[in-house]
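A.B. asks: coordinates for the following, if possible.
(one chain, ligands or ions: 1)
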Amino acid sequence: MTIIRTPLPRLSAATAPPSSGGRNRPPEQGIVHLGLGNFHRAHQAVYTEAALAHQDGEWGILGVSSRSGTVADALRAQDLRYSVAEISPAGATYSVPSVHTGALVAAREPDDVVAAISDRTTKIVSLTVTENGYTYSPATKGLQLDHPDISHDLAGGAPRSTIGLIVRGLQGRVQHNTPVTVLSCDNLNDNGEHTRRLVLEFAAQMSGSESGELTGWIEQNVAFPSTMVDRIVPATTDAHRSNLSRDMGFEDSIPVAAEPFSMWILEDNFAAGRPAWEAGGAVFSDQVGRYEQLKVRLLNGTHSLIAYLGALSSAATIPESVAQSFVERAARTVLRDEYLPSVNVPDGIDPDLYEEQLFVRWSNTALGHRTQQVGSDGSVKLRERIPEPAMKFREAGRTPHLMALTTAAYLSCLAPIDGFDPGPHAAAMQDPARGWLSQLASRSTSGAHMARGALTDRRLLGDDIADWDPFVERTGELIDVIVGHGIEAATSEAVKGDR
Ligand code: CS2
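C.D. replies: Purely as a prediction, here's the structure:
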């Protein structure tokens, strides 16, 4: 007997479940969002859906992808709908947000993006462009003026960089003099102030008389609140897609899988209003900086260690990695003994509960968060995670051995020395520094040599680490142990610390 399968319908306005709150028309646009990746679609978009269900408003989102057209084109083909699957070992629950009003690709349509940011109806320009999207130098924290996209944008071409797009967009607002908020939602310390500094620096570097007027206008009219965003959102896999079709009865080419946990803490400093994101559980607080430290260090810093130890021990996913007792031990040690002492814990947060919750989240076997994904872009992530808390150790004359292990494992994954094979998960990691680090590795005759070359180059972890011999030396020794005896041996050495 031949079984004829009828193809499932594609997700569209007609096949989507009704939006929450019974809204039956798309919202008016008030937000331009740069970075249409999975994280934004499972985080800010979900909070915006809840806000609009609670209170109608002009908070529809024009989503902008930076380079690839895959998501933007698929989103348009699906009437701007996509599914979010909250996945845990207990099962999956689905929702279909309906908050996007359009989708653009910055590399393809830069002028339209600039025009949208300039438009007086835009009240918020939000960003999830990853650490890598800010084109800044770790040594100066200022704009990377020698970055080809920045020099191109400063010369006046259609902008290629995120900061260039924002500043050109703001420039168009001077005429109608309408305030706006630029909202960074990336894992950067002090992300509001950081973005403000880069935007003002770009404006100040522009040629001609426009520059002075524009900088003054930005200082007066643009708010840059800081935020802490948190949700584990892996890259979508074919398994996510087919489970969704099975459960929902439609085909969605761009679903997003996310953990059930979600957190958003924001400074309530908006120049032109905001959605009622608290309806979705967002918290407006004057302790954002503390939450950001807690999250970037305890979650992200430890996450990097789990990813590199995992990749070097053939673990494809974060839950597989942290299920190994040597990884769990290292993760608990770095979190408690090295990151936590540097954090000014926000009021009402119990660090023990926070730690336990992190281990539950990292152990979500149904989500399949890959070590390769968390390990990617280490050169721009580690500079946010390691140098500041490490300085507390330097001031006390001590060495943070697990932070040195994180750095040694990162370098061994990205740029192995001496014929060392870090395995397929490490080989699949992407990183803008892979080129120069690999060249360095090919000339390095020992871990000490490699660590010195990598860390004294201030591009990697900035000045404080570059000038700190005991940290550089410890990193080199641990690379040698990884190469000579394996990652487990190196981990137990690091956990022993100064004992
Ligand atoms: C991760 C983060 O890829 C990474 O470096 O640490 O993406 C992490 O999953 C999120 O910040 C969780 O909120």
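
A.B. asks: residues from this protein in reach of the ligand?
C.D. replies: Neighbours of the ligand within the chain, by CB under 6 Å from any ligand atom: Asn187, Asp230, Arg231, Ile232, Asn300, His303, Gln373, Val374, Lys381. For every residue, glycine as well, the C-beta is placed using N, CA and C.

A.B. asks: these two touch, right, Trp277 and Thr48?
C.D. replies: Yes. With contact defined as CB atoms under 8 Å, Trp277 reaches Thr48; the gap is 7.0 Å.

A.B. asks: pick out whichever of those two has more residues nearby.
C.D. replies: Higher neighbour count among Trp277 and Thr48: Thr48, with 29 against 20, using other CB atoms under 10 Å.

A.B. asks: ok, for the more buried one, nearest residue in space, not its chain neighbours?
C.D. replies: Val99 (4.6 Å; CB to CB, 6 or more residues apart in numbering).

A.B. asks: hmm, the one you found is touching Ile61, no?
C.D. replies: Yes. Applying CB under 8 Å, one finds Val99 in contact with Ile61, separated by 5.3 Å.

A.B. asks: overlap in contacts, the two.
C.D. replies: Ala45, Thr48 (CB atoms under 8 Å, 6 or more residues apart in numbering).

A.B. asks: how many residues are close by Arg332?
C.D. replies: Close neighbours of Arg332, defined as other CB under 10 Å, add up to 17.

A.B. asks: scratch that, Leu460
C.D. replies: Neighbours of Leu460 under the rule other CB under 10 Å: 25.

A.B. asks: that one against Pro432, yeah?
C.D. replies: No. Contact status for Leu460 versus Pro432: not in contact, 11.1 Å apart, counting by CB under 8 Å.

A.B. asks: what's the overlap in contacts for those two?
C.D. replies: Residues touching both Leu460 and Pro432 by CB under 8 Å, 6+ apart: Ser379.

A.B. asks: phi, psi of Thr93?
C.D. replies: phi -130, psi 150 (degrees, to the nearest 10).

A.B. asks: which residue sits closest to it, ignoring its sequence neighbours?
C.D. replies: For Thr93, ignoring the flanking residues on the chain, the nearest one in space by CB to CB, 6+ apart is Glu86 at 4.9 Å.

A.B. asks: correct me, but the one you found touches Val256?
C.D. replies: No. Counting by CB under 8 Å, Glu86 stays clear of Val256, with 9.8 Å between them.

A.B. asks: could you report the neighbour count for Ser68?
C.D. replies: With neighbours defined by other CB under 10 Å, the count for Ser68 comes to 13.

A.B. asks: show the model's pLDDT score for the closest residue to it other than its chain neighbours.
C.D. replies: Counting by CB to CB, 6+ apart, Ser68 lies nearest to Val105, which is 7.3 Å off, once chain neighbours are set aside. Note on Val105: pLDDT of 98.

A.B. asks: for Val105, what are its contacts?
C.D. replies: Val64, Ser65, Ser66, Arg67, Ser68, Gly69, Ala72.

A.B. asks: let me see the contact set for the second one.
C.D. replies: It refers to Ser65. Going by CB under 8 Å, 6+ apart, Ser65 touches Gly35, Leu36, Gly37, Val71, Ala72, Ala103, Leu104, Val105, Ala106.

A.B. asks: from Ser19, how far out is the fourth one?
C.D. replies: When you say that, I think you mean Val71. Separation of Val71 from Ser19 (CB to CB, to the nearest Å) stands at 20 Å.

A.B. asks: the fifth one too?
C.D. replies: Note on Ala72: its distance to Ser19, by CB to CB, is 21 Å.

A.B. asks: try the second one
C.D. replies: Leu36 is 19 Å from Ser19, where distance means CB to CB.

A.B. asks: who has more neighbours, these two?
C.D. replies: For Leu36 versus Ser19, the count of surrounding residues by other CB under 10 Å is larger for Leu36: 27 against 20.

A.B. asks: got the domain ranges for this structure?
C.D. replies: Following automatic domain parsing, one gets these domains for the chain: 29-284, 288-497.

A.B. asks: show me the shaky parts of this protein.
C.D. replies: Within the chain, the ranges that satisfy pLDDT under 70 run 1-5, 21-22, 24, 499.

A.B. asks: try 80 this time
C.D. replies: Within the chain, the ranges that satisfy pLDDT under 80 run 1-6, 18-26, 138-139, 208-210, 498-499.

A.B. asks: which stretches of this protein form strands?
C.D. replies: Secondary structure of the chain (DSSP state E): strands at 29-34, 60-65, 84-88, 91-95, 100-105, 124-127, 180-184, 222-223, 227-230, 256-258, 263-266, 283-284.

A.B. asks: mind listing the strands the second one pairs with, and their directions?
C.D. replies: Read it as strand 60-65. strand 29-34 (parallel), strand 100-105 (parallel) (DSSP bridges).

A.B. asks: want to throw the ones you listed into TSV with distance to Arg332?
C.D. replies: Listed next are the strands paired with strand 60-65 as TSV, based on distance: least, CB to CB, whole Å:
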stretch	distance to Arg332
strand 29-34	36
strand 100-105	40
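
A.B. asks: out of those strands, which is the most enclosed?
C.D. replies: Of all these, strand 29-34 carries the top mean neighbour count, a mean of 25, counting by mean count of other CB atoms under 10 Å.

A.B. asks: pretty sure Ile487 contacts Ser314?
C.D. replies: No. Using CB under 8 Å, Ile487 makes no contact with Ser314, being 9.8 Å away.

A.B. asks: these two: who's more crowded?
C.D. replies: Counted by other CB under 10 Å, Ile487 and Ser314 do not tie: Ile487 has more neighbours, with 28 against 14.

A.B. asks: just the closest residue of the stretch 301-450 of the chain to the ligand, please.
C.D. replies: Nearest residue of the stretch 301-450 of the chain to the ligand, counting by CB to the nearest ligand atom: His303, 3.7 Å away.

A.B. asks: just give the closest residue to that residue, not the sequence neighbours.
C.D. replies: Nearest non-adjacent residue to His303, counting by CB to CB, 6+ apart: Val374, 5.4 Å away.

A.B. asks: contacts only, for the one you found.
C.D. replies: Taking CB under 8 Å, 6+ apart as the contact definition, Val374 lies against His303, Ser304, Ile306, Ala307, Ile318.

A.B. asks: select from these the one having the most neighbours.
C.D. replies: Ala307 (33 neighbours).

A.B. asks: any idea what the residue of the stretch 101-250 of the chain found nearest the ligand is bridged to?
C.D. replies: Ranked by CB to the nearest ligand atom, the top residue of the stretch 101-250 of the chain for proximity to the ligand is Asp230, at 4.0 Å. Applying DSSP bridges to Asp230 gives these bridge partners: Met263.

A.B. asks: test my guess that it contacts Phe261.
C.D. replies: Yes. Counting by CB under 8 Å, Asp230 does reach Phe261; the two are 7.4 Å apart.

A.B. asks: which of those two has more neighbours?
C.D. replies: Between Asp230 and Phe261, counted using other CB under 10 Å, Asp230 has the larger neighbour count: 20 against 15.

A.B. asks: report the contact partners of the residue nearest to the spatial centre of the chain.
C.D. replies: Geometric centre of the chain, nearest residue: Thr130, 4.1 Å, by CA atoms, centre = their mean. Contacts for Thr130 (CB under 8 Å, 6+ apart) come out as Gly35, Asp186, Asp377, Val380.

A.B. asks: check Ala50 too.
C.D. replies: By CB under 8 Å, 6+ apart, the contact set of Ala50 is Ser20, Trp277, Ala279, Gly280, Gly281.

A.B. asks: let's have these in CSV, adding distance to Thr445.
C.D. replies: CSV is the format used below for the contacts of Ala50 (distance: CB to CB, whole Å):
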residue, distance to Thr445
Ser20, 61
Trp277, 54
Ala279, 59
Gly280, 55
Gly281, 53
